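Asker: need a 3D model of the sequence below.
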Amino acid sequence: MIKKIPLAIMTTVVSLSGCAKDYSLAPPADSEKVTVTVKVPKDLTARPMQVIYRSTICTFTDHTAMGKPYQRDDYQRTDIWPVRQGQGDLYRAELPMDGGGACQWRLSNVTFGVVYADPTRFGESVVVGGGGGIVVIFDQNNSPRGGADFQIDGDLMIKKDYYPWLKENFLDGYVKRISLAGEASLYLKYQALQARQVFFEPILHANYLVTSEGTKVHKVGSFIKFTYPDGTVVADGSHNPDLRKLQAIRLAAENK
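Answerer: Numbering: from 1, shown residues only. Just a heads-up that it's a prediction; the model follows:
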């Protein structure tokens, strides 16, 4: 995982550790851009976009699992808040493909998504959980969250179903989170080498809440207990809600 480091601090650390080269990002005004748009449903909010730039000119020494040193591309992370378009539900950010600077930075990947704007609506102690995340990779490198699940030609249009998931964990300290249950537990990851437009429309089925209660002791046969919107209780060793079951429950209710 890449820790969030302010750009000015990162630049200072790298410069002092090596040479006097300027490692800062400096996108030229005429850089080609990728436009990322998120259509944010009611009750959710857009997360800041975590943007990674890489350089093949500026490198650093890393080590293999056996301790052997090797050179790898340097990288910079910058966070960009998408801007609301008027009074509507669209939030947008433009990402320069060319990061500029002495290192000739190039856009590598972006991580973004949606979360609940007010988790306390589900209880006073409830905090924001995971889910609702998207990773788009624009080169041949893995993202901080691994490689792509899907490869896309051209622009990328994503429309996915999500369900509110209220989960209680007891081991290693009590915590109650409101997450988004969907096709992936945390992030859907795409490689889109030619994409210049990325559009994400999460469909929130807010009335179909699934809850889970974690185990309270480490014991063989003790599983997370899921309670689905129709009252069904399942404890079969799964760590995430069954999306197909949620879809079936919703569609059956909507078709009555």
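
Asker: pLDDT value on the closest residue to E94 other than its chain neighbours, please?
Answerer: Take E94 and drop its neighbours on the chain: the residue closest to it by CB to CB, 6 or more residues apart in numbering is K33, 4.6 Å away. In this view, the C-beta of every residue, glycine as well, is placed from N, C-alpha and C. K33 is assigned a predicted lDDT (pLDDT) of 98.

Asker: beta partners of K33?
Answerer: Per DSSP bridges, the residues bridged to K33 are P96.

Asker: what about it, how many neighbours?
Answerer: Other residues near K33 number 16, with proximity taken as other CB atoms under 10 Å.

Asker: and it, what is it in contact with?
Answerer: 94-97, 196 (CB atoms under 8 Å, 6 or more residues apart in numbering).

Asker: ok, so of those residues, who is nearest L246?
Answerer: Of all the contacts of K33, L95 has the smallest distance to L246: 32.8 Å, by CB to CB.

Asker: do you know how far that closest one is from A46?
Answerer: According to CB to CB, to the nearest Å, L95 and A46 sit 14 Å apart.

Asker: roughly how far apart are the residue nearest to E94 and A102?
Answerer: On the measure of CB to CB, K33 and A102 end up 21 Å apart.

Asker: same check on V115?
Answerer: Taking CB to CB, one finds V115 at 36 Å from A102.

Asker: go ahead and name everything in contact with stretch 110-125.
Answerer: Applying CB under 8 Å, 6+ apart, the set of residues contacting stretch 110-125 is 34, 36, 38, 40-41, 43-52, 82, 95, 126-129, 132-136, 138, 143-145, 164, 166, 176-178, 180, 187, 198, 200, 202.

Asker: mind doing that once more with 7 Å?
Answerer: 36, 38, 40, 43-47, 49-51, 95, 126-128, 132-136, 143, 145, 166, 176, 178, 202 (CB atoms under 7 Å, 6 or more residues apart in numbering).

Asker: buried ones in that stretch, by neighbour count?
Answerer: Neighbour counts over stretch 110-125 (16 or more other CB atoms under 10 Å) mark 110-116, 119, 122 as buried.

Asker: for stretch 76-83, same thing?
Answerer: Neighbour-count burial for stretch 76-83, counted by 16+ other CB under 10 Å, picks out 76-78, 82.

Asker: one more: stretch 162-180?
Answerer: Here stretch 162-180 shows 162-169, 176-180 as buried, counting by 16+ other CB under 10 Å.

Asker: what's the neighbour count on M157?
Answerer: M157, neighbours per other CB under 10 Å, totals 13.

Asker: go ahead and report the secondary structure state at it.
Answerer: Following DSSP: H, G, I helix; E, B strand; the rest coil, M157 is assigned to strand.

Asker: list the contacts of it.
Answerer: Taking CB under 7 Å, 6+ apart as the test, what M157 contacts is F199.

Asker: hey, what's it bridged with?
Answerer: Under the criterion used (DSSP bridges), M157 bridges to F199.

Asker: distance of it from D139?
Answerer: For M157 relative to D139 (CB to CB), the value is 20 Å.

Asker: what's the closest non-adjacent residue to L186?
Answerer: G130 (4.7 Å).

Asker: that neighbour contacts A184, doesn't it?
Answerer: No - assessed by CB atoms under 7 Å, G130 is found out of contact with A184, at 9.7 Å.

Asker: which strands and helices lie in contact with the helix or strand harbouring A253?
Answerer: A253 is part of helix 243-254 when elements are defined by DSSP states H and E. Contacting helix 243-254 under the criterion 3 or more CB pairs under 7 Å, 6 or more residues apart in numbering; DSSP states H and E is no other helix or strand.

Asker: show me the contact partners of stretch 240-256.
Answerer: By CB under 7 Å, 6+ apart, stretch 240-256 touches 161, 163, 165, 181-183, 185, 205, 208, 210, 226, 228-230.

Asker: buried stuff in stretch 81-99?
Answerer: The neighbour-count criterion (16+ other CB under 10 Å) identifies 82, 90-91, 93, 95-96, 98-99 as the buried residues of stretch 81-99.
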